[in-house]
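Colleague: The following block contains a protein sequence and its predicted model.
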Amino acid sequence: MNSSDKLINQILESYEKHELTRRIDEDNIVSRDALISIVKELRKLLFPGYFDNMKVRSDYVKYLVGERVENIEYNLKQQVSKALKNCDENCVDCDEKADALVYDFLNRLPVIRDYLATDVQAAFDGDPAAYSIEEIIFSYPGIFAITVYRIAHELWLLDIPMIPRIISEYAHSLTGIDIHPGATIGKYFFIDHGTGIVIGETTVIGDNVKIYQGVTLGGLSTRKGQQLKGVKRHPTIGDNVTIYSNTSILGGDTVIGSNVVIGGNAFIIHSVDEGTKVNIRNPQLEYSENK
């Protein structure tokens, strides 16, 4: 037996040993590449004229939208049906259920556009470094992450398995911004810079909230693992709240009232009353001659 055959046999043996991490003689679950392509097409639909290779003409836009919706509908139905069948191998009406779910999702696209319009406006109003709406839509990682979140959230609300997490992690991998699709986020949401932000599954965020890089809206403890499924584990953030960089706000019972400003590097596990400003005292600096 040559070295190549030996390696192949060792890999096959590992397949037998670790059944949890293999899928052999089973239908494919979903295609991550197909889902990413669908997200890209949805992005073109949500921001017409921004991510197209050619000018979108007003006299043709109706046909373009119709063609794009039909393409998204066809491909998304396939992926949703596969996800449903994976969760219930005895599913006999998964294709019909996928049709209904995708129809409901597509009818939410105007609402997603309404929310995204406020998010883009919040980014422009809240960032003195922003020189145009176009710059924000094209280049801001926060807007990209929020766009994908808003898509994923609607799929999550429809109880579609697996797919919302896959597309959320696609945005996470590109931006470093981790927003769970189960989180509830209001209008005029602005992420400034964004790298390292984590927003947990049961987080609730009101309107006109602004957060900076490194902020964690997380659970206080996950030691109980699956026992915590469905439990409110992440904080609630009121309206008109600003949270500066590297702050952690943890726990399902933690409520940050409206009109609160939280300075950087704070660690908060208790509720904060409405209209409060929270700051960490600056550490004392020592200066000496550099010899």
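Modeller: Yep, it's here. Numbering: from 1, shown residues only.
Colleague: For this structure, just list every one of the strands.
Modeller: For the chain, strands defined by DSSP state E occupy the ranges 178-179, 184-185, 190-192, 198-199, 204-205, 210-212, 216-218, 236-237, 242-243, 248-250, 255-256, 261-262, 267-268, 277-278.
Colleague: who wins for proximity to Asp93 among the ones you listed?
Modeller: Shortest distance between Asp93 and the strands of the chain, using Cβ to Cβ, is found for strand 184-185: 29.9 Å. For the C-beta atoms, the positions are set from N, CA and C on the backbone; glycine is no exception.
Colleague: That closest one: partners in the sheet, and parallel or antiparallel?
Modeller: Next to strand 184-185 in the sheet, as set by DSSP bridges, lie strand 204-205 (parallel).
Colleague: ok, residues contacting the strand it pairs with?
Modeller: Contacting residues not belonging to strand 204-205 are listed as 183-186, 189, 199, 217, 234-237 [Cβ atoms under 8 Å, 6 or more residues apart in numbering].
Colleague: Name the spans of the stretch 151-291 of the chain whose pLDDT lies under the cut-off.
Modeller: Per-residue confidence for the stretch 151-291 of the chain (pLDDT under 70) gives these ranges: 222-228.
Colleague: and Ile280, how far is that from Ile243?
Modeller: Look at Ile280 and Ile243: by Cβ to Cβ, to the nearest Å, they are 13 Å apart.
Colleague: ok, those two, which is more surrounded?
Modeller: Neighbours per residue (other Cβ atoms under 10 Å) separate Ile280 from Ile243, with Ile243 holding more: 27 against 14.
Colleague: from what I can see that one touches Gly214, true?
Modeller: No - the criterion here is Cβ atoms under 8 Å, and Ile243 misses it with Gly214 at 10.0 Å.
Colleague: show me what contacts the closest residue to Gly257 other than its chain neighbours?
Modeller: Excluding its sequence neighbours, the residue lying closest to Gly257 (Cβ to Cβ, 6 or more residues apart in numbering) is Glu274, at 3.2 Å. Glu274 makes contact with 238, 257-260, according to Cβ under 8 Å, 6+ apart.
Colleague: Check Glu289 too.
Modeller: Glu289 makes contact with no residue under the criterion Cβ under 8 Å, 6+ apart.
Colleague: tell me the phi and psi of it?
Modeller: phi -70, psi 130 (degrees, to the nearest 10).
Colleague: again with Gly252
Modeller: Main-chain dihedrals, Gly252, degrees, to the nearest 10: phi -70, psi -20.
Colleague: In this model Ser221 seems to touch it, though I could be wrong.
Modeller: No - here Gly252 does not reach Ser221: they are 10.5 Å apart, not a contact under Cβ under 8 Å.
Colleague: If you count surrounding residues, which of the two has more?
Modeller: Gly252 (18 against 10).
Colleague: I'd like to check which residues are in contact with that one.
Modeller: By Cβ under 8 Å, 6+ apart, the residues touching Gly252 are 202, 219-220, 231-235.
Colleague: among these, which ones are buried?
Modeller: 202, 219, 233-235 (16 or more other Cβ atoms under 10 Å).
Colleague: Would you enumerate the residues in contact with Phe190?
Modeller: Contact analysis of Phe190 by Cβ under 8 Å, 6+ apart lists 119, 122-123, 126-127, 142, 209-211.
Colleague: Hmm, Ile133 is touching Ala122, no?
Modeller: No - under the criterion of Cβ under 8 Å, Ile133 is not in contact with Ala122, lying 11.6 Å apart.
Colleague: who has more neighbours, these two?
Modeller: Taking other Cβ under 10 Å, Ile133 and Ala122 do not tie; Ala122 has more neighbours (23 against 14).
Colleague: can I get the strands of the chain in TSV with distance to Ser31?
Modeller: What follows is the strands of the chain, written out as TSV (distance: least, Cβ to Cβ, whole Å):
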stretch	distance to Ser31
strand 178-179	23
strand 184-185	28
strand 190-192	29
strand 198-199	26
strand 204-205	31
strand 210-212	33
strand 216-218	31
strand 236-237	35
strand 242-243	37
strand 248-250	36
strand 255-256	39
strand 261-262	41
strand 267-268	41
strand 277-278	45
